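Chemist: here is the input, now give the coordinates:
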Amino acid sequence: MTRVSLEEPFKSPQILQTLTYLQNKSGRVLLKKRFKLWEGDANSTAGKIASFNTSFDVNIYRQENTTPGEGFAFIIAPDLNIPAQSYGQYLGLTNASTDGNWTNHLIAIELDTVRQEFDPDDNHMGLNINSIKSNKVVSLASQGILARNYTVWIQYNGTQKVIKVYMALQGKPMPKVPVLNESLNIGWYLNQHSYFGFSASTGILTQLNCVLKWNLTVEILPEDNDRTWLKIGLGAGIPGLALLLVAAVGFYYFLHKGRPVNDPRIMGALRSLPGTPREFSFKDLRRATNNFDEKLKLGQGGFGIVYKGVLAKENNMEIAVKKFSRENIQGKDDFLAELIIINRLRHKHLVRLVGWCHKNGMLLLVYDYMPNGSLDNHLFGKQDKILSWDRRYKIISGVASAINYLHNEYDQKVVHRDLKASNIMLDANYNARLGDFGLARALENEKTSYADIGGLPGTIGYIAPECFHTGKATRESDVYGFGAVVLEVVCGKRPWTKIAGFQCVADWVWTLHRENRILEAVDERLGDDFNTEEAERLILLGLACSHPISGERPKPQTIVQIISGSVPAPYIPPFKPAFVWPMTEPTGDSSMTNTQYTTPMPSSYYGASQESNTGYSDLYTV
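Modeler: Next up is the predicted model:
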């Protein structure tokens, strides 16, 4: 048996998304190479059925606090076309008139996130033959289709005529027991020559599907008895292969495996830092926090817990102590990254680092205590007083100043990577202090982005859409996060809040802008107690920073000038522009509600198609 190996890693996913409307979309991405899957009489022992193995890493993303929909599928299809009206429950596989027809010549493994009347739940895997009604369905309640990366293995034995499907978190080994194990003679259903790929759809509910890596090995059926295999590996280093779908803001979970703590390395790194901050004893910090009392807990993030402390020996100096988790992600490296960066930062709108402690693998950072807590708590917590307009404006101005410092004034050009209301602290005078640099990274000389091997960290609702595809944090993605914060502060609503039928606050505000009702977006709790000119300026700024195309977002220097009133508010088009990946200028009028943009892939291996609620189907020219 011989093997032929063909590998085509991508430099860019080169796949389109349209964000003008998120709902009622369907799309496919298929290998343009056809495979011969059977020969002779499929019902006879003399007939031959090709075996194949495939594995792919997939992320199914939904906005926080929203219900995902509709689903994603690995498919074997007769051609590169997508059926019209195949959005919603049809997953891009069939439509109302063709579903169940034997002439579909289609087999799919679906990951379904919406329960239909014939489904067991809204989280299941199914084997579909010519229909969206699964021939075999298995609940995935134990695995969970969530905003994280999974690996799916599909093994088909053409001799035994059995298909097995396995599923596990990305990085985990293939389980011993398959999720789905079913007899299947593909020769009964498929065209002799068929295409492999993926399909997905949205309905009223939306989600974003991203194939991160795909490997496919198919047995080639020759004329003689010798069997050859063609192996195609796609995605070594793919930032993200997005399936034409949706909307919302980009998002990406990440998962790292921490290495064992190496005490000498950490201590050496800490003590070699220029201008090293003060080293605290663990005993003093434990005493200051009353042995890390839960009652003194100020907050909890991805890398650890923050406690209030009082240093009795130093005139009862109040501090905030960040205690890193040993188990969580890569605590040691995050600890060093945060310390190295923030140690040298000097700005009045950044939380000041006071010192550090490392004891028996326990990692702690000590900061100035911010008596007024986080901005998030003042906007959405149980506060007696509503945050006044003057304070809101002052806070946004301070955060803008801090971002400008990080991006332009500090010599290393730092990207924060996690701008959000809960990371903005308020001192005694309600001055903004940007904190939590656990995700921050300094950019290397002449570079404009930071790529994390495990994907892009951050918080849903604040992550720019392009980050989902590139896996890179940039100064532009920081600006996007700032825009989300601006709208959050002005509107008094979290970025992912559903309102007036819209999936997120930015879409709602953009519509108010188009209808000349922009001031209706201001937090209703303020009543009339706000400056209308300032409010309009900030809302337009928030929309400008939330622009789907990164190059259209304002620079931090301009942001500071807009807030100060030294330059006018930015022009915002009446309709939200579509997000197109890769970043190319769309053709046509972006204000048309059903406009579709296409971009060719550089590889000759792929065909991609998209269909919307208009019934329009377009095959990419590749």
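Chemist: C-alpha only now, for contacts and for neighbours.
Modeler: Noted.
Chemist: for the stretch 151-300 of the chain, what spans make up the strands?
Modeler: With DSSP state E, counting those that start in this stretch as the criterion, the stretch 151-300 of the chain has strands at 162-169, 180-183, 193-201, 208-220, 228-234, 241-242, 278-279, 297-300.
Chemist: highest average neighbour count across those?
Modeler: Compared across these, strand 193-201 shows the largest average neighbour count, a mean of 26 (mean count of other CA atoms under 10 Å).
Chemist: make a markdown table from the strands of the stretch 151-300 of the chain and add distance to Cys467 and mean pLDDT to it.
Modeler: Below are the strands of the stretch 151-300 of the chain laid out as a markdown table (distance: least, CA to CA, whole Å; pLDDT from 0 to 100):
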| stretch | distance to Cys467 | mean pLDDT |
| --- | --- | --- |
| strand 162-169 | 21 | 92 |
| strand 180-183 | 33 | 94 |
| strand 193-201 | 21 | 90 |
| strand 208-220 | 12 | 83 |
| strand 228-234 | 20 | 59 |
| strand 241-242 | 12 | 37 |
| strand 278-279 | 36 | 84 |
| strand 297-300 | 25 | 85 |
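Chemist: figure out which of the ones you listed is closest to Ser397.
Modeler: Nearest of the strands of the stretch 151-300 of the chain to Ser397, taken as CA to CA: strand 297-300 at 24.2 Å.
Chemist: who's in contact with that closest one?
Modeler: With CA atoms under 8 Å, 6 or more residues apart in numbering as the test, strand 297-300 has contacts from Ile305, Val306, Tyr307, Lys308, Gly373.
Chemist: what do you get if the cut-off is 6 Å, keeping everything else the same?
Modeler: Ile305, Val306, Tyr307 (CA atoms under 6 Å, 6 or more residues apart in numbering).
Chemist: skip ahead from that strand and say which helix or strand is next.
Modeler: Where DSSP states H and E defines the elements, the next helix or strand beyond strand 297-300 is strand 304-311.
Chemist: could you look up the SS state of the nearest residue to Leu387 once chain neighbours are set aside?
Modeler: Nearest residue to Leu387, sequence neighbours excluded (CA to CA, 6 or more residues apart in numbering): His378, at 6.4 Å. When classified by DSSP: H, G, I helix; E, B strand; the rest coil, His378 comes out as helix.
Chemist: can you get me a residue count around His378?
Modeler: Using other CA atoms under 10 Å, His378 is surrounded by 20 other residues.
Chemist: what's the pLDDT at it?
Modeler: For His378, the model assigns a pLDDT of 94.
Chemist: and the contacts of strand 297-300, which is the shakiest by pLDDT?
Modeler: Among the contacts of strand 297-300, Ile305 has the lowest pLDDT, at 88.
Chemist: I'd say that one and Lys323 touch.
Modeler: Yes: taking contacts as CA atoms under 6 Å, Ile305 lies within contact range of Lys323: 5.4 Å.
Chemist: OK, contacts around Lys348?
Modeler: Here Lys348 is in contact with no residues (criterion: CA under 6 Å, 6+ apart).
Chemist: ok, Val162 next?
Modeler: Counting by CA under 6 Å, 6+ apart, Val162 touches Tyr156, Glu182, Ser183, Leu184.
Chemist: and the gap between the third one and Arg517?
Modeler: It stands for Ser183. From Ser183 across to Arg517, the span is 60 Å (CA to CA, to the nearest Å).
Chemist: and the nearest residue to Val179 once chain neighbours are set aside, how far from Glu110?
Modeler: Nearest non-adjacent residue to Val179, counting by CA to CA, 6+ apart: Tyr166, 5.3 Å away. To Glu110, Tyr166 is 13 Å away according to CA to CA.
Chemist: now swap in Phe74 and tell me
Modeler: Counting by CA to CA, the gap from Phe74 to Glu110 is 6 Å.
Chemist: ok so, going back, so for Ile305 and Lys323, which residue has more residues nearby?
Modeler: Lys323 (21 against 18).
Chemist: identify the bridge partners of that one.
Modeler: Beta-bridge pairing of Lys323 under DSSP bridges involves Ile305, Leu364.
Chemist: that one contacts Gly309, correct?
Modeler: No: the pair Lys323 / Gly309 is not scored as a contact, 11.8 Å apart, by CA under 6 Å.
Chemist: go ahead and confirm the residue nearest to Val179 touches Thr151.
Modeler: No: Tyr166 is beyond contact range of Thr151, at 8.2 Å (criterion: CA under 6 Å).
Chemist: what's the weakest-modelled helix or strand in this structure?
Modeler: Using mean pLDDT, DSSP states H and E, strand 617-619 stands out as the lowest-scoring helix or strand of the chain, at a mean of 26.
Chemist: about what we covered before: for the residue nearest to Val179, give its distance to Pro178.
Modeler: Taking CA to CA, one finds Tyr166 at 5 Å from Pro178.
Chemist: go on, Ser51?
Modeler: Distance of Ser51 to Pro178, given as CA to CA: 17 Å.
Chemist: so between the two, which is more surrounded?
Modeler: Neighbour totals were compared for Ser51 and Pro178, and Ser51 leads with 23 against 15 (other CA under 10 Å).
Chemist: apart from its neighbours in sequence, what residue is nearest the more buried one?
Modeler: In this structure, Ser51 finds its nearest non-sequential neighbour in Gly158, 4.4 Å apart by CA to CA, 6+ apart.
Chemist: what about stretch 519-530, start to end distance?
Modeler: Note: stretch 519-530 ends 10 Å apart using CA to CA.
Chemist: begin at 17 from now on, thanks
Modeler: Fine by me, first position is 17 from now on; the one you just mentioned is stretch 535-546.
Chemist: what is the mean pLDDT for it?
Modeler: Average pLDDT, stretch 535-546: 96.
Chemist: any buried residues in that stretch, and which?
Modeler: Residues Leu535, Ala537, Val538, Asp539, Phe546 are the ones in stretch 535-546 that count as buried (16 or more other CA atoms under 10 Å).
Chemist: quick revisit: from the contacts of strand 313-316, which is closest to Val154?
Modeler: Minimum distance to Val154 across the contacts of strand 313-316 is 38.6 Å, recorded for Ile321 (CA to CA).
Chemist: mind listing what that closest one touches?
Modeler: If you count contacts by CA under 6 Å, 6+ apart, Ile321 has them with Gly315, Lys338, Lys339.
Chemist: can I get those residues in JSON lines with distance to Tyr383?
Modeler: Shown next, in JSON lines, are these (distance: CA to CA, whole Å):
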{"residue": "Gly315", "distance to Tyr383": "14"}
{"residue": "Lys338", "distance to Tyr383": "8"}
{"residue": "Lys339", "distance to Tyr383": "11"}
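Chemist: among those, which one lies nearest to Ala522?
Modeler: Gly315 (27.0 Å).
Chemist: look up how far Asn173 lies from the closest one.
Modeler: From Gly315 across to Asn173, the span is 52 Å (CA to CA).
Chemist: what does Pro191 give?
Modeler: Taking CA to CA, one finds Pro191 at 18 Å from Asn173.
Chemist: more crowded one of the two?
Modeler: Neighbours per residue (other CA under 10 Å) separate Pro191 from Asn173, with Asn173 holding more: 17 against 12.
Chemist: which one is Asp539 nearest to, not counting chain neighbours?
Modeler: Cys507 (4.3 Å).
Chemist: any chance you could read off phi and psi for that neighbour?
Modeler: Note on Cys507: its backbone torsions stand at phi -90, psi -20 [degrees, to the nearest 10].
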